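*Asks:* Fold the following and give me the result.
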Amino acid sequence: MAARLRRLAVDVRPLLESPPFRRLFAGQLVSLIGRQITVVAVPFQVYSLTRSPFAVGLLGLVQALPLIAFSLLAGAITDRLDRRRILMVTQLCLAVCSGALLVGALSGHISLAAIYLIVGVAAAFAAVDSPTRTAVMPRLVSGERLTAALALNILVFQTSLVAGPALGGLVIAKLGLGSAYLIDVATFAAGFTAVFRLPPQPPAGEHHEAPIAAIRRGLTFARKEQAILGGFAMDLTAMIFGLPRALFPVLAAMTFHVGPAGLGLLYAAPGFGAVLAILVTGWVSHAKRLGRVIVVTIAIWGVSIIAFGFARSLVIGLVLLAIAGGADSFSAVCRNTIMQTLTPDDLRGRVTALYFMVVVSGPYLGDLEAGAVASLTTPLISAVSGGVLSLLGLAAAAVRFPAVWRYRSGRQVVTLAGEEA
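*Replies:* Have a look, this model is predicted:
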């Protein structure tokens, strides 16, 4: 029985065996909690200024556009330069963006256009920061610990999705927007310190490709690997159509009748479910059919979002969001493991940047879709129709990319020439 529990529980050996990974884990946890406070504060501020779900949803578009524009270039940069130095620069730039939001909140006169501009610039820097951070992981741990390290990396992010929004809602309610942004700025110190203490992360081999050629080679590899591309497509449809995040401010005010603290719980609920799921991802390291796990868990996501659309109790709504978040967490671990396993190191930055573009731009575009549909109809119709469309999109992607369902772990990395590496 004890052996079965150990097999089920998340594998923490990367933290015990790799000091650099352990420092990055701790620093990223603190920094991301601060960042997630801002993720609650910005839509709350926009809704307070406009009382418009569409204006909140538009935050997704102004972040998705620079993210998509910079992600492909970010991948080429990550594979050509020292990844540690890249992370140091991006951390400083993201802190400056949060500082600009702090100044605007304290002045009391920041415009909607200024908020959109700041979060758009921050999205551009995040498009470089996040894939670079993930691409560093395989160098910090051994190959047999990679899946566990990726699961722990997702655990950090999902824990921040719980602690950050919950804390953010309380801080906004008790201390105001300025204090929320101040915490975000202060926590960047932990993330920067962890990155500064990493060993150098020089690029693999000699790189003589021009940026456009480098980007093209990364796209060619991702297109060739149908198991990777199919995972991208499945996640993208689920996030664009099935993420009701932009509805949270209006649902908190008009449906659940709660203030900023309740709004913070809505943002935190998916992360709470994801954290619980990550704590029992030990079995993923031994699973062979990771693609089938992806399909099933994304289907659970869609059904949970449909049910959430009909919820009129805050408690029931939180439970359904937690179930959806747990399902998405299992899917993310499996998708990331497949990608990192099949991608050679000299392409890992570019392919990871594509992955980041999908997993982050999808929710941003989902904010726009949910806000627009809610403005034209109702929040209920927006959430329920989004869940239905995410299931239809999943079915279409599963038919188009059967390699996902057929995927078995244990494959070797394949080069563009088709030879095993």
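
*Asks:* Report the separation between the spatially closest residue to Arg406 that is not a sequence neighbour and Ala26.
*Replies:* Nearest residue to Arg406 in three dimensions, chain neighbours excluded: Gly291, at 6.6 Å (Cβ to Cβ, 6 or more residues apart in numbering). Every residue, glycine included, has its C-beta placed from N, CA and C. Remark: distance between Gly291 and Ala26 (Cβ to Cβ, to the nearest Å) = 33 Å.

*Asks:* and those two? which has more neighbours close in?
*Replies:* Higher neighbour count among Gly291 and Ala26: Gly291, with 25 against 16, using other Cβ atoms under 10 Å.

*Asks:* pLDDT on stretch 394-414, on average?
*Replies:* Taken as a whole, stretch 394-414 carries a mean pLDDT of 81.

*Asks:* what's the distance between that stretch and the middle of its chain?
*Replies:* In terms of Cα atoms, centre = their mean, to the nearest Å, the centre of stretch 394-414 is set 21 Å apart from its chain centre.

*Asks:* what do you get for stretch 159-167?
*Replies:* With Cα atoms, centre = their mean, you get 14 Å for stretch 159-167.

*Asks:* likewise stretch 130-138?
*Replies:* 13 Å.

*Asks:* Could I get the buried residue list for it?
*Replies:* Buried residues in stretch 130-138, counted by 16 or more other Cβ atoms under 10 Å: Ser130, Pro131, Thr132, Arg133, Thr134, Ala135, Val136, Met137, Pro138.

*Asks:* got the contact list for Val46?
*Replies:* For Val46, the contacting residues are Ala55, Val56, Leu59, Leu112, Ile115, by Cβ atoms under 8 Å, 6 or more residues apart in numbering.

*Asks:* and those as a markdown table, adding distance to Gln158, neighbour count and secondary structure?
*Replies:* Putting the contacts of Val46 into a markdown table (distance: Cβ to Cβ, whole Å; neighbours: other Cβ atoms under 10 Å; DSSP: H, G, I helix; E, B strand; the rest coil) gives the following:
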| residue | distance to Gln158 | neighbour count | secondary structure |
| --- | --- | --- | --- |
| Ala55 | 28 | 20 | helix |
| Val56 | 23 | 28 | helix |
| Leu59 | 21 | 26 | helix |
| Leu112 | 30 | 15 | helix |
| Ile115 | 26 | 22 | helix |
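
*Asks:* Go through those residues and say which is closest to Gln36.
*Replies:* Using Cβ to Cβ, Leu59 comes nearest to Gln36 of the contacts of Val46, at 14.7 Å.

*Asks:* so what's the nearest residue to Gly349 once chain neighbours are set aside up against?
*Replies:* Once flanking residues are discounted, Gly349 sits nearest to Thr78: 2.9 Å by Cβ to Cβ, 6+ apart. When contacts are counted by Cβ under 8 Å, 6+ apart, Thr78 touches Ile86, Val128, Pro131, Thr132, Ala135, Gly349, Arg350, Thr352, Ala353.

*Asks:* In helices, which of these appear?
*Replies:* Ile86, Val128, Pro131, Thr132, Ala135, Gly349, Arg350, Thr352, Ala353 (DSSP state H).

*Asks:* Going by distance to Val295, which of these wins?
*Replies:* Thr352 (22.3 Å).

*Asks:* neighbours of the closest one, just the number please.
*Replies:* 29.

*Asks:* Just to check, it is in contact with Pro131?
*Replies:* Yes - Thr352 is within contact range of Pro131, at 4.2 Å (criterion: Cβ atoms under 8 Å).

*Asks:* Which stretches in the stretch 151-300 of the chain count as helices?
*Replies:* 177-196, 211-224, 226-242, 248-250, 260-278, 290-310 (DSSP state H, counting those that start in this stretch).

*Asks:* Would you mark the buried spots in the third one?
*Replies:* What it means is helix 226-242. For helix 226-242, burial by neighbour count (16+ other Cβ under 10 Å) applies to 226-242.

*Asks:* Within the helices and strands, which one has the residue nearest to Gly349?
*Replies:* helix 53-80 (DSSP states H and E).

*Asks:* distance between stretch 237-245 and the chain's centre?
*Replies:* Offset of stretch 237-245 from its chain centre (Cα atoms, centre = their mean): 13 Å.

*Asks:* Spit out the contact partners of the residue nearest to Leu380 when sequence neighbours are not counted.
*Replies:* Distance criterion Cβ to Cβ, 6+ apart; nearest residue to Leu380, sequence neighbours excluded, is Gly309 at 5.4 Å. Gly309 is in contact with Pro244, Pro379, Leu380, Ile381, Ser382, Ala383, Val384, Gly386, Gly387, counting by Cβ under 8 Å, 6+ apart.

*Asks:* Among the residues you listed, which are located in helices?
*Replies:* Going by DSSP H, the helices hold Pro379, Leu380, Ile381, Ser382, Ala383, Val384, Gly386, Gly387 from these.

*Asks:* Name only those of the residues you listed that count as buried.
*Replies:* Pro379, Leu380, Ser382, Ala383, Val384, Gly386, Gly387.

*Asks:* before we move on, the earlier item: out of the contacts of Val46, the closest to Gly317 would be?
*Replies:* Distance to Gly317, by Cβ to Cβ, is smallest for Val56 among the contacts of Val46, at 17.6 Å.

*Asks:* Quick check, the closest one in contact with Gln45.
*Replies:* No - the pair Val56 / Gln45 is not scored as a contact, 9.8 Å apart, by Cβ under 8 Å.

*Asks:* What helix or strand is the nearest residue to Arg245 once chain neighbours are set aside located in?
*Replies:* If the residues on either side of it in the chain are set aside, Arg245 comes closest to Asp367, at 5.7 Å by Cβ to Cβ, 6+ apart. Following DSSP H and E, one finds Asp367 within helix 345-376.

*Asks:* mind checking how far the closest residue to Thr50 other than its chain neighbours is from Leu106?
*Replies:* Leaving aside its sequence neighbours, Thr50 sits nearest to Leu112 (Cβ to Cβ, 6+ apart; 6.7 Å). Going from Leu112 to Leu106 by Cβ to Cβ gives 17 Å.

*Asks:* so what's the residue lying closest to Arg223 once chain neighbours are set aside up against?
*Replies:* Distance criterion Cβ to Cβ, 6+ apart; nearest residue to Arg223, sequence neighbours excluded, is Leu229 at 6.1 Å. Going by Cβ under 8 Å, 6+ apart, Leu229 touches Ala222, Arg223, Phe401.

*Asks:* Go ahead and build a ChimeraX selection from the buried members of the residues you listed.
*Replies:* Those of these that count as buried under 16+ other Cβ under 10 Å are selected in ChimeraX with:
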select :222,401
